[in-house]
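S.K.: coordinates only, no sequence provided:
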């Protein structure tokens, strides 16, 4: 896979570039070994079908800093297999540009691609000052996802240019020949037309045999594609001068792509793609005694239990490992192989799970989804390139479920497992005819409920602070993972240190407890602290206090880009209830503080309550998302709403004349003794 | 020193609701007496409503209370929770009315003897509010929950803490029990049980309960039934023997009830008494009185560490509860922590204006060592107390 030599901070949409070379389960998976020495790299002139492009270079002083791009040229041919030509011409106009853009890196997969480098020239004062030799190229592994146990076989062809200087013009071009045979002969291709830096000229050409026309679509640009027929060749071309510059805004929805780009696809509809996918997931069944025995074991259980056990097995007993080389980038291993090896990537696990459920008489299928494009898939031309993940869809007891067998630490029953909302999915089955709505009808909302109870015996002694946090569904699964991977002690220390930022002298009064109900998929964490710094006696002899109900604060932060041209993302399917109760030593009438405030728009809802009950003053904030993004035309009102909500994260007040209480020092002394005994008890038990 | 006795017998009157609701027996009920001018409802918040209700109950203003119990809301709850139990809307409405009347009758009996104290409320999903109360007499405490609609403050259910089920849920469960056991031997058992209650034959009740152990379900409804029954007959001479039999039955199934606490205490089975207290709902368990109860029980059980822990919790729960400090003082005497004892005494003097003398100290157990201690001698000299 090639890589831009410009400092473009792309979003996940970079995937567009090489999606045809990426496998499902990010990146492609395979079973062949990669030998760096077998990577085929050669030097040759561009193929005759390439239409060489002219470009212009202005005065150095007029050029952009630190690098000025004169030409980005991408051409593709599907006539004799897939050949993808690229050429970049840019000036190094500042030392920063010299440092960052003097290396050339081209990514490809030697399992099925060869790299032909045409030219690497450094122009200085009108002359070529370097002498490019193919032996100057080094091939290195490009396993960027190996920390995720994914091995792709991708390599980088690396060329380090020596002696480059400010003012030099770099001009290099190459062609990557070949494509993953798993895609057959169908061609799909995408390329960007705009970036965060200006480009003088952008050129795109696609050439196909006349009997294999390409569907095409341009996004976020008014550029037009010219179609030309010459003999047996179809040619699609597009040229842009002074390509528009995109200012990248933060917090854009992941499924939103602001960049101008063009997409080509030989698929006519999603049914075609479904047919391709279905062929991949059709393998000969090879009998396996162990697998058969496991299936019999499942069949001996009641159906609900069997379904849950099948899912739990594929999630927890099959190690996630993606050896994604060659055809196995998209073709799953046989269920019996995955079962025997106890390893597999998302498509292997999904294929196995769908197989197990089918054996139980459940209507189940693998389903291809896109973790980036999600519900926006329908905006694009049909293509196999978009799918980077596989899950399983099945029906039980009249309900449809979307289960991800690569997720661990979920609830133990299928009814309680969190279901990720991937928006749209392509079911892998002979009947599949297009993308379908993959929005789960249950268990997609993540809820966190926090209940704090602050007990105060007077207005100067440490308070006892109990915090009970209930995590549901996805939140429960995340915290469960944290507990299992970090351990309870570490989590406990992290929590305490978080509160210590506010109360430096905080002490643990009782050990943190974790109640994990895997049947309902709810994890409850309970903490007990002694907080000496809760009350603050001011110069008026009033005891000041502050209640903080700010868990939802992380969801209502303003973005850096306030004036926006692109929508604002909202954390999806989130619900928070942060409830803080201060129990006072005596009845103090706070009823005048009672308030019920609702702040909402079409996208979020926030409710803030202040109430008083007998000796109990309550501050409660609730937050729920209603939508997953805010369109541009509603952003200013939404930001104003976020400001109002941010102002409701804390409540402060004070109790007057507290120093006039009878027995104040005596009670304080007694409480100090009792607290000390309690703390000693905790430290002596070693917990 | 034992702080409290179980005062749950009166709630067995709810038993009669089941009988009346299902079999239309004639039961004499006392007529509520109206003595004070009833309060008008004037509440915008749960707090103001409950303080009004608390005042009304303490003033025996039962009209106010009666006006707050909503037959239509009870009807709605019955219909929603147990649509299968009632054939016609007339039936369910009749049951709701009888349920309301029985609640009023029960409360009537208490208002003259008990002091009602509102603790606080808690809101649950499905728009239900639980308002928590403590009943106090000179003999002890009990707790119950009043279930309300949060918008109208109308009452639809009561739940004494000694029982697993609230009044409405007990009514539904026991009616279901009779419905599910309406044939053969099981029907005879249920019929015999009801007759035994009618005739107040506690011995027969227990016998039938034990025979029903493996045959009648749901078990929770039967357990609640028998607890309400024995509570009603606490003065019965066979009470001790009978409650032992029931306790044995509960213990076999790993269950307990606050109702057993007194019996365990009398038998010096402090661990079991502690378990009985710990079985109650959190709002009651965390109240200063129950934490004090636990402190005393642990003290008797010679677990002075936990005794101090719960005594501390009692003070934190209500720093103005004088009794909690006396409990802590008792705990200090049990553990011979005389430094702690003097600190408690200092609070009793400074905060509650007590005069501490040997007579007061001698009212607590294990006081002798303290009175003879150097610490007390020093403290006495400093405070010029005798």
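M.R.: Cool, got the structure. Note that the coordinates shown come from a computational prediction; the quantities given were computed from them, not determined experimentally.
S.K.: now residue B:344: which helix or strand?
M.R.: Using DSSP states H and E, residue B:344 sits within helix B:338-350.
S.K.: now that helix: average pLDDT?
M.R.: Regarding helix B:338-350, the rounded mean pLDDT is 96.
S.K.: packing partners of the next helix or strand after that helix?
M.R.: For helix B:338-350, the following helix or strand on the C-terminal side (DSSP H and E) is helix B:358-362. With contacts taken as 3 or more C-beta pairs under 8 Å, 6 or more residues apart in numbering or on different chains; DSSP states H and E, helix B:358-362 sits against helix B:368-372. Yep, even glycine has a C-beta here, placed from its N, CA and C like the rest.
S.K.: and the helix it packs on, what other elements does it pack with?
M.R.: With 3+ C-beta pairs under 8 Å, 6+ apart as the test, helix B:368-372 has helix B:322-334, helix B:338-350, helix B:358-362 packed against it.
S.K.: next, the buried residues of the first one.
M.R.: This points to helix B:322-334. By neighbour count with 16 or more other C-beta atoms under 10 Å in any protein chain shown, helix B:322-334 contains the buried residues B:324, B:325, B:326, B:327, B:328, B:329, B:330, B:331, B:332, B:333, B:334.
S.K.: pLDDT and distance to residue A:109 for those residues - can I get that in CSV?
M.R.: CSV is the format used below for those (pLDDT from 0 to 100; distance: C-beta to C-beta, whole Å):
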residue, pLDDT, distance to residue A:109
B:324, 96, 75
B:325, 97, 78
B:326, 96, 81
B:327, 96, 77
B:328, 97, 75
B:329, 96, 81
B:330, 96, 80
B:331, 96, 75
B:332, 96, 78
B:333, 96, 82
B:334, 95, 78
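S.K.: closest to residue B:342 out of the residues you listed?
M.R.: Proximity of the buried residues of helix B:322-334 to residue B:342 (C-beta to C-beta) peaks at residue B:332, which lies at 8.8 Å.
S.K.: right, and the closest one touches residue B:344 too?
M.R.: Yes: with contact defined as C-beta atoms under 8 Å, residue B:332 reaches residue B:344; the gap is 6.2 Å.
S.K.: I'd say residue B:361 and residue B:372 touch.
M.R.: No: the pair residue B:361 / residue B:372 is not scored as a contact, 11.4 Å apart, by C-beta under 8 Å.
S.K.: give me the more crowded residue out of these two.
M.R.: Set residue B:361 next to residue B:372 and count neighbours by other C-beta atoms under 10 Å in any protein chain shown: residue B:361 wins out with 17 against 10.
S.K.: just checking, residue B:295 touches residue B:326?
M.R.: No: judged on C-beta under 8 Å, residue B:295 makes no contact with residue B:326 at a distance of 10.5 Å.
S.K.: contact residues of chain A facing chain B?
M.R.: A:455, A:457-458, A:464, A:585-586, A:591, A:594, A:611-616, A:662-663, A:665-667, A:669-671, A:673-675, A:677-678, A:681 (C-beta under 8 Å from any C-beta of the partner chain).
S.K.: okay, the buried residues of helix B:322-334 in a markdown table with distance to residue A:187 next?
M.R.: Output for the buried residues of helix B:322-334, formatted as a markdown table (distance: C-beta to C-beta, whole Å):
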| residue | distance to residue A:187 |
| --- | --- |
| B:324 | 81 |
| B:325 | 85 |
| B:326 | 88 |
| B:327 | 84 |
| B:328 | 83 |
| B:329 | 89 |
| B:330 | 88 |
| B:331 | 84 |
| B:332 | 87 |
| B:333 | 91 |
| B:334 | 87 |
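S.K.: can you lay out the helices and strands packed on helix B:368-372 as CSV showing distance to residue A:211?
M.R.: Formatted as CSV, these follow (distance: least, C-beta to C-beta, whole Å):
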stretch, distance to residue A:211
helix B:322-334, 92
helix B:338-350, 96
helix B:358-362, 108
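S.K.: separation between the nearest residue to residue A:438 once chain neighbours are set aside and chain B?
M.R.: Residue nearest to residue A:438 in three dimensions, not counting chain neighbours: residue A:425, with 3.7 Å by C-beta to C-beta, 6 or more residues apart in numbering or on different chains. Note on residue A:425: its distance to chain B, by C-beta to the nearest C-beta, to the nearest Å, is 32 Å.
S.K.: average pLDDT across the host helix or strand of residue A:425?
M.R.: For residue A:425, the host element (DSSP H and E) is strand A:424-427. Across strand A:424-427, pLDDT averages out at 97.
S.K.: and for stretch A:220-240?
M.R.: Averaging pLDDT along stretch A:220-240 gives 95.
S.K.: residue B:370: what's it in contact with?
M.R.: B:332, B:333, B:336, B:338, B:341, B:361, B:376 (C-beta atoms under 8 Å, 6 or more residues apart in numbering or on different chains).
S.K.: count of residues packed around the residue lying closest to residue A:64 once chain neighbours are set aside?
M.R.: Once flanking residues are discounted, residue A:64 sits nearest to residue A:198: 5.9 Å by C-beta to C-beta, 6+ apart. Residue A:198: 14 surrounding residues under other C-beta under 10 Å.
S.K.: what's the answer for the one 5 residues further on, then?
M.R.: For residue A:203, the number of neighbouring residues by other C-beta under 10 Å comes to 20.
S.K.: my guess is it meets residue A:238, correct?
M.R.: Yes: using C-beta under 8 Å, residue A:203 makes contact with residue A:238 at a distance of 7.5 Å.
S.K.: in terms of pLDDT, where does the closest residue to chain B within chain A sit?
M.R.: Relative to chain B, the nearest point of chain A is residue A:663 (2.8 Å; C-beta to the nearest C-beta). At residue A:663, the model reports a pLDDT of 90.
S.K.: tell me the spacing between it and residue B:376.
M.R.: Using C-beta to C-beta, to the nearest Å, we find residue A:663 at a distance of 20 Å from residue B:376.
S.K.: can you spell out the domain ranges of chain A, please?
M.R.: A:12-266, A:279-437, A:446-669 (automatic domain parsing).
S.K.: the residue in the stretch 201-350 of chain B positioned nearest to chain A and residue A:71: what is the separation?
M.R.: As assessed by C-beta to the nearest C-beta, chain A sits closest to residue B:350 within the stretch 201-350 of chain B, at 3.5 Å. Here the criterion is C-beta to C-beta. By it, residue B:350 lies 88 Å from residue A:71.
S.K.: and residue A:537, by the same measure?
M.R.: Applying C-beta to C-beta to residue A:537 and residue A:71 gives a distance of 71 Å.
S.K.: and stretch B:55-71, what's buried?
M.R.: The neighbour-count check on stretch B:55-71 (16+ other C-beta under 10 Å) flags B:56-57, B:59-71 as buried.
S.K.: low-confidence stretches in the chain?
M.R.: No chain in the question, so chain A it is. Along chain A, the model assigns pLDDT under 70 to residues A:1-38, A:146, A:323-329, A:686-687.
S.K.: um, chain B though
M.R.: Looking at chain B by pLDDT under 70, you get B:1-44, B:213, B:217-218, B:231-238, B:385-386.
S.K.: since that was my last question, I'll sign off now.
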